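Q: here you go, sequence then predicted model.
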Amino acid sequence: MNKISVVTPSFNQGNYIEKTICSVINQNYNNFEYFIIDGGSTDNTIEIIKKYESKLTFWESTSDNGQSDAIKKGFSQSSGEILCWINSDDTYCQGTFRRVATFFNNNPELSFLTGDVNYIDERGNFIERIFSISPNWKMAANYGIHRWPQPACFWRKHDYFSVGEIDSNFEFAMDMDLFIRLAKYGKSKRLPGKPLANFRVHKESKSSKIPEIGLIELDKIIEKYETNNNSLQSFLLKSYWWLYCKFSSLRRFGSICFQIEI
């Protein structure tokens with residue numbers, strides 16, 4: 001099975017990071033390495049990391065230039081064929097690594113994959129399931145919308161460095177910027193079936209604290225990658241998005257009403 005390199009950027013998430021760490025090291029998948037890059041936390045984060053340091057490939061706690069810089073630093077040390085990052089307030093579902101590695105192994109041409117996630121609250125209670133769609137870089141590039149939940153995204157290391165790594169100039173939308181480049185570069189798919197990860201919604205998350213920066217950066221991404229030059233193309237892209245969302249709605253209906261996983 002392919003080796004998976006996991007990076008967790010961290011800063012003052014002592015309330016949640018233990019759950020994150022355990023979701024990685026208890027995957028029942030032996031071929032992985034795990035890097036925690038902490039930005040100099042002043043809460044109990046370091047105490048928790050030290051508790052599990054024998055299970056980690058590498059960890060550090062030092063001042064850095066933010067989340068993107070920490071992720072980039074972790075990936076620069078990686079040796080796995082597959083890369084991913086999980087933020088210090090999110091978690092992986094059990095069995096995710098094996099499902100991902102098997103999917104890449106069965107699809108050797110694949111560069112990038114995404115899957116579904118569960119939204120959970122501060123205490124880990126289920127809120128709702130987010131149904132992903134197969135990546136379409138043109139839709140994301142032109143409208144700033146996608147359904148590729150970051151905790152459920154994985155990609156090949158070779159392709160990551162081929163497209164130029166993560167752009168540390170982005171504070172909020174670094175994931176979308178990277179995923180557009182990966183989806184544009186190579187073949188991308190959605191991994192069918194149950195959610196791969198849990199995305200925690202809470203008042204201290206970046207999405208809650210600095211949403212205005214996210215909107216600014218989405219505009220920058222559209223300006224950087226957009227291909228929509230005429231009304232016909234706009235109509236076709238919007239129609240394509242509508243069809244994708246309809247399929248996502250059907251999967252949601254089947255999952256809730258009939259326990260059908262697609």
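A: Yep, it's here.
Q: list phi and psi for the most centrally placed residue in the chain.
A: The chain has residue 150 as the residue nearest its centroid, 2.1 Å off, counting by Cα atoms, centre = their mean. The phi and psi values for residue 150, taken as degrees, to the nearest 10, are phi -50, psi -40.
Q: how close does it sit to residue 113?
A: With distances defined as Cβ to Cβ, to the nearest Å, the gap from residue 150 to residue 113 amounts to 13 Å. In short, each C-beta sits where N, CA and C put it, glycine included.
Q: again, but for residue 88
A: Applying Cβ to Cβ, one obtains 23 Å for the distance of residue 88 from residue 113.
Q: repeat for residue 70
A: Applying Cβ to Cβ to residue 70 and residue 113 gives a distance of 23 Å.
Q: least trustworthy helix or strand in the chain by mean pLDDT?
A: Lowest mean confidence among the helices and strands of the chain (mean pLDDT, DSSP states H and E): helix 206-209, at a mean of 53.
Q: so where do the strands sit in the stretch 101-250 of the chain?
A: Secondary structure of the stretch 101-250 of the chain, counting by DSSP state E, counting those that start in this stretch: strands at 110-114, 117-120, 126-130, 154-156, 187-190, 197-200.
Q: I figured the residue nearest to the centre of the chain hits residue 173, correct?
A: No - at 10.2 Å, residue 150 does not count as touching residue 173 under the criterion of Cβ atoms under 8 Å.
Q: quickly list what's touching both of those two.
A: Taking Cβ atoms under 8 Å, 6 or more residues apart in numbering as the contact rule, residue 150 and residue 173 touch no residue in common.
Q: skip the chain neighbours and tell me the closest residue to residue 23.
A: Ranked by Cβ to Cβ, 6 or more residues apart in numbering and with sequence neighbours excluded, the top spatial neighbour of residue 23 is residue 91, at 3.8 Å.
Q: residues touching that neighbour, list them.
A: Residues touching residue 91, when contacts are defined by Cβ under 8 Å, 6+ apart, comprise 19-20, 22-23, 151, 197-198, 200.
Q: among the residues you listed, which ones are buried?
A: If you count burial by 16 or more other Cβ atoms under 10 Å, the buried members of these come out as 19-20, 23, 151, 197-198, 200.
Q: so which bits of the helix or strand hosting residue 50 are buried?
A: Counting by DSSP states H and E, the element that carries residue 50 is helix 45-51. Residues of helix 45-51 classed as buried under the neighbour-count rule (16+ other Cβ under 10 Å) are 45-46, 48-49.
Q: repeat that for stretch 152-165.
A: Of the residues in stretch 152-165, those scored as buried under the neighbour-count criterion (16+ other Cβ under 10 Å) are 152-157, 159-160, 163.
Q: most widely separated two among the residues you listed?
A: Greatest spatial distance among those (Cβ to Cβ): 152 and 163, at 19.4 Å.
Q: you'd agree residue 75 is in a helix?
A: Yes - with DSSP: H, G, I helix; E, B strand; the rest coil as the criterion, residue 75 is assigned to a helix.
Q: returning to that earlier point: quick one, which of the strands of the stretch 101-250 of the chain is nearest to residue 54?
A: By Cβ to Cβ (comparing all of these), the closest turns out to be strand 197-200, at 24.3 Å.
Q: hang on, the earlier thing: would you mind giving the strands of the stretch 101-250 of the chain as a markdown table with distance to residue 58 added?
A: Formatted as a markdown table, those follow (distance: least, Cβ to Cβ, whole Å):
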| stretch | distance to residue 58 |
| --- | --- |
| strand 110-114 | 25 |
| strand 117-120 | 26 |
| strand 126-130 | 31 |
| strand 154-156 | 20 |
| strand 187-190 | 29 |
| strand 197-200 | 22 |
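Q: save the ones you listed as a markdown table, and put in mean pLDDT and distance to residue 55 too.
A: Converted to a markdown table, the strands of the stretch 101-250 of the chain look like this (pLDDT from 0 to 100; distance: least, Cβ to Cβ, whole Å):
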| stretch | mean pLDDT | distance to residue 55 |
| --- | --- | --- |
| strand 110-114 | 97 | 25 |
| strand 117-120 | 97 | 23 |
| strand 126-130 | 94 | 27 |
| strand 154-156 | 98 | 20 |
| strand 187-190 | 96 | 30 |
| strand 197-200 | 97 | 19 |
